[in-house]
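Engineer: Sequence and predicted structure below; questions after.
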Amino acid sequence: MPTEPVRLVLTEDAVRLGRTAKDRADVIDQCGELLLELGAVDPGYLPAMHEREASVSTFLGEGVAIPHGTDPSRVHVKQTGLAVIQFPEGVDWGGSTVNVAIGIAATGEEHLGILTALAGVLTDPDKAARLRGATDPADVVALLNPPASDG
């Protein structure tokens, strides 16, 4: 089965801008709560997001982290979804600074398409800066959902 395009899982209602967090755990909590609010996961997924972070940092670079659960926690995923939360003041992430956290819930391998699209943003310093400084959820969706090519 082909990977699911990001545009199917990222919508403006999944984007929160201008937020604050006291620490990395608070960021993960906020991402998990938003995934829960969006109906992507059940409550059992949230502790697994902290478990994943304890085993390996989800910091990607360019001020972005991708909190997500462990493989066994997929049983708590109702549908693939993203939760994008921006922290303009930055949050310490084990010595790095995170300005954007993208919570990921995937039922299978759909997250690979999500990561591919995200890599396209993070490898372009201008796009990464636009993501960190976005003031409109539509801009975030547009950045992470590039237009489909007509092939």
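Structural biologist: Yep, that arrived.
Engineer: quick one, what contacts the closest residue to Ala40 other than its chain neighbours?
Structural biologist: Nearest residue to Ala40, sequence neighbours excluded (C-beta to C-beta, 6 or more residues apart in numbering): Gly81, at 3.0 Å. In short, each C-beta sits where N, CA and C put it, glycine included. By C-beta atoms under 8 Å, 6 or more residues apart in numbering, the contact list for Gly81 reads 9, 14, 35, 38-41, 104-105.
Engineer: so of the residues you listed, which ones are in helices?
Structural biologist: For the contacts of Gly81, the ones inside helices are Leu35, with DSSP state H as the criterion.
Engineer: which two in the contacts of Gly81 are spaced the farthest apart?
Structural biologist: The span of the contacts of Gly81, defined through C-beta to C-beta, is set by Gly39 and Ile104 at 15.0 Å.
Engineer: So for these two, which sits in the more crowded spot?
Structural biologist: Higher neighbour count among Gly39 and Ile104: Ile104, with 24 against 10, using other C-beta atoms under 10 Å.
Engineer: Show me what the more buried one is bridged to.
Structural biologist: Beta bridges link Ile104 to His68, Leu82, judged by DSSP bridges.
Engineer: Show the pLDDT at the residue lying closest to Glu12 once chain neighbours are set aside.
Structural biologist: In this structure, Glu12 finds its nearest non-sequential neighbour in Pro137, 4.1 Å apart by C-beta to C-beta, 6+ apart. Pro137 carries a pLDDT score of 96 in this model.
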